[in-house]
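**Student:** build me a model from this:
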Amino acid sequence: MWAWGFFNESGQLGDGTTTGHETPVQVPGLSGVVRIAAGLRHTLAVTGDGSVWAWGLNDAGQLGDGTNTNQLLPVRVSGLSGIVGVAASSYQSFALKSDGTVWAWGLNDWGQLGVSPMSNRLSPIMVPGIKEVATVAAGAVFTLALKSDGTVTAWGANYHGELCDGTLAQHPSPVLAVNSSVDGFLNLRTGTTVNVPPEFKVPFFVVASGGITDTSATVNTTTKFNASDVGKSGAVFVTAKVPAGSLGTAQAAPAQHNAKRASANAAPAASSFVLMQLTSTGWQPVSNGQLIPYASGVLGDQLAAQTILSNTDTTNLKGAEFCLGYGTSAEEMNNAGRMRTIVTIPDPNATGAATAGCLTTTPLSFNLVVPQGWSLLGNSLSQSIQVSSLYGDTSWVTSVWKWDAVQKLWQFYSPAMDAVNLQSFADTNGYGVLSEIKPGEGYWVNAKASASFIQAGAAYNLTASKLVPGWNLVATGNDVAPSAFNLNLSTTPPLTGTVPLNITSLWAWDNPNYGWYFYAPSLEAQGSAALSDYTTGKGYLDFTATSKTLGNGTGFWVNR
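**Tutor:** Numbering: from 1, shown residues only. Okay, here's the model as predicted:
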């Protein structure tokens with residue numbers, strides 16, 4: 001391999017010097033190179049054996065060797081094999097494996113690595129939720145991946161619509177790009193039908209125009225009402241999670257404006273944010289969860305256009321989020337999960353910690369108890385659980401497991417393994433590496449000793465759109481009985497006296513009794529005695545007899 005260029009101050013030419021070269025010089029120690037990618041001041045190369053080599057600037061870990069040390073000569077990127085492609089941008093790097101997975105490392109201040117929390121990674125980590133990728137491309141603060149089915153996934157900054165998801169909201173996890181009509185997802189393979197996994201579905205489509213800069217924002221939106229909702233009487237709701245002292249809230253100390261990579265001032269604490277709503281008379285606080293419509297009437301063209309921000313000064317809005325939703329009522333909208341984040345105001349000092357946003361779900365606080373042995377738990381909150389943060393203590397945790405209903409495989413984590421050994425173990429056994437529990441996901445924990453944690457935040461409302469046919473391991477923030485959960489999945493009210501058959505069966509594990517709770521709507525439809533008799537006869541635990549409910553950290557299996 002040969003390299004040249006006037007600038008070589010960080011060793012990006014890989015010749016062992018920091019001297020520029022106007023004619024080609026050979027990069028020593030490399031042969032059989034089949035792919036290369038150049039970042040701002042670092043370089044990547046793939047050799048014929050599928051390994052990745054890197055050199056140059058390494059201040060954000062973009063070389064992937066586990067350090068922040070610049071390298072004047074090629075070093076091997078740790079833990080990677082079977083690589084068929086690479087991409088690089090300013091301070092981050094990506095590798096595409098032959099199995100279609102994408103691996104990322106380096107700077108992650110905008111979520112451009114596709115992993116949470118938004119902290120830098122010194123070694124490669126797999127971007128969760130995407131497989132069968134054919135090509136990956138890296139921008140300075142966002143990333144794109146073309147899948148073999150013709151869909152495009154994107155993640156990172158989105159303040160001018162870079163991610164093409166119809167919003168101007170930042171996404172540290174992958175989202176699907178939408179088509180030009182904004183009535184479906186982009187498909188670059190003509191004549192094929194896109195099978196959209198539940199985690200990529202949206203409750204409705206929206207078109208956001210305008211843009212966000214360091215100092216101001218203009219955002220206009222057009223809501224694409226679902227065809228089944230057009231013509232109904234309803235309302236559009238706009239909410240915002242903003243720093244106290246902005247948008248007319250009680251004044252707090254003004255936020256300081258710094259350059260993107262400055263770190264002198266800490267980001268506002270989650271408690272300093274307040275929930276606001278946009279009404280016909282302006283912004284007002286949301287009090288006791290009561291929402292006021294932005295506009296109401298017949299759901300159609302007259303309600304479709306919204307002006308969220310108009311050349312608004314964003315100096316005191318750093319870290320703010322804006323959400324849009326609609327429904328026949330606020331309650332119906334929340335029950336259907338028909339609200340989505342559409343705008344994020346960049347915060348140069350963000351810590352990347354997950355906090356409840358502007359989605360108007362019910363506040364929830366409970367004590368998550370993890371007994372010794374196997375427990376089936378769930379994330380009932382509208383924010384992700386970072387597995388290594390909650391379950392990274394080897395003194396009481398053996399392993400954590402999550403079922404991926406889309407990929408039909410288990411994701412695995414053990415605090416006793418470092419990143420390299422964890423990935424090797426997962427690859428050998430056909431698992432994925434588990435890094436986060438997303439809202440509404442269930443998971444197993446094998447604990448050596450008992451522990452408990454306070455879980456607090458916005459409750460997650462599990463809707464039918466998030467369930468795939470077959471088995472799902474899930475959780476909900478609604479503290480309801482299984483029969484009510486089954487009823488809530490209905491898109492239309494059932495006939496009086498009937499039991500909707502939205503699911504086949506539902507199962508929850510009871511650690512102390514070492515047994516399964518069981519529910520089946522088909523048996524309930526035959527009368528309460530039929531369900532009780534079957535449950536007792538099989539030796540299962542009866543939800544009704546013990547008043548066992550879902551929610552508050554309960555994980556459960558649903559066969560749909």
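**Student:** show me how the protein divides into domains.
**Tutor:** For the chain, automatic domain parsing gives the domain ranges 2-200, 205-344, 363-559.
**Student:** okay if I get these as JSON lines plus mean pLDDT and distance to G357?
**Tutor:** C-beta: built from backbone N, CA, C; applies to glycine. As requested, these are exported to JSON lines (pLDDT from 0 to 100; distance: least, Cβ to Cβ, whole Å):
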{"stretch": "domain 2-200", "mean pLDDT": "93", "distance to G357": "10"}
{"stretch": "domain 205-344", "mean pLDDT": "83", "distance to G357": "5"}
{"stretch": "domain 363-559", "mean pLDDT": "90", "distance to G357": "7"}
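**Student:** okay, those domains, which one's buried deepest?
**Tutor:** Neighbour counts (mean count of other Cβ atoms under 10 Å) averaged over each of the domains of the chain peak at domain 2-200, with a mean of 19.
**Student:** can you give me the end-to-end distance of it?
**Tutor:** 42 Å (Cα to Cα, to the nearest Å).
**Student:** try stretch 425-445
**Tutor:** Termini of stretch 425-445 sit 18 Å apart (Cα to Cα).
**Student:** what's the answer for stretch 552-560, then?
**Tutor:** End-to-end span of stretch 552-560 (Cα to Cα): 22 Å.
**Student:** measure the closest residue to P197 other than its chain neighbours to G430 for me?
**Tutor:** Take P197 and drop its neighbours on the chain: the residue closest to it by Cβ to Cβ, 6 or more residues apart in numbering is V406, 4.2 Å away. Note on V406: its distance to G430, by Cβ to Cβ, to the nearest Å, is 15 Å.
**Student:** repeat for S78
**Tutor:** S78 is 22 Å from G430, by Cβ to Cβ.
**Student:** the helices in the stretch 451-560 of the chain, which residues?
**Tutor:** 482-488, 521-524, 528-538, 543-546 (DSSP state H, counting those that start in this stretch).
**Student:** let me have those in a markdown table, adding distance to S272 as columns.
**Tutor:** Converted to a markdown table, the helices of the stretch 451-560 of the chain look like this (distance: least, Cβ to Cβ, whole Å):
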| stretch | distance to S272 |
| --- | --- |
| helix 482-488 | 34 |
| helix 521-524 | 45 |
| helix 528-538 | 49 |
| helix 543-546 | 41 |
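**Student:** which of these sits closest to L381?
**Tutor:** helix 482-488 (17.1 Å; Cβ to Cβ).
**Student:** and that closest one, what does it pack onto?
**Tutor:** Helix 482-488 sits against strand 505-510, strand 515-519, helix 521-524, with contacts defined as 3 or more Cβ pairs under 8 Å, 6 or more residues apart in numbering; DSSP states H and E.
**Student:** CA atoms only for that helix, dumped as CSV, please.
**Tutor:** Taking C-alpha atoms only, helix 482-488 is exported to CSV below (Å, rounded to 0.1, in the frame of the first residue of the first chain):
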residue,chain,number,x,y,z
PRO,A,482,-53.1,-9.9,31.1
SER,A,483,-56.8,-9.7,29.9
ALA,A,484,-56.6,-5.9,29.9
PHE,A,485,-53.3,-6.0,28.1
ASN,A,486,-54.8,-8.2,25.4
LEU,A,487,-57.7,-5.8,25.1
ASN,A,488,-55.4,-2.8,24.8
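**Student:** contact partners of it?
**Tutor:** Around helix 482-488, the neighbours that count as contacts under Cβ atoms under 8 Å, 6 or more residues apart in numbering are 335, 462, 476, 478, 480, 494, 499-500, 502-503, 506, 519, 521, 524, 543, 550.
**Student:** just confirm G210 contacts L309, I think it does.
**Tutor:** Yes: using Cβ atoms under 8 Å, G210 is in contact with L309, at 7.4 Å.
**Student:** anything in contact with each of the two?
**Tutor:** Going by Cβ under 8 Å, 6+ apart, residues that sit against G210 and also against L309 are 217-219.
**Student:** now render the residues you listed as TSV, adding distance to K438 and secondary structure.
**Tutor:** As requested, the shared contacts of G210 and L309 are exported to TSV (distance: Cβ to Cβ, whole Å; DSSP: H, G, I helix; E, B strand; the rest coil):
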residue	distance to K438	secondary structure
A217	28	strand
T218	32	strand
V219	26	strand
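**Student:** next SSE after the strand ranked longest in the chain?
**Tutor:** Secondary structure of the chain per DSSP state E: the longest strand is strand 233-243. Remark: after strand 233-243, the chain's next helix or strand is strand 273-279, criterion DSSP states H and E.
**Student:** contacts for that next one, please.
**Tutor:** Residues outside strand 273-279 that contact it (Cβ under 8 Å, 6+ apart): 237-244, 247, 249-250, 283-286, 291-294, 308, 319-320, 355, 358, 360.
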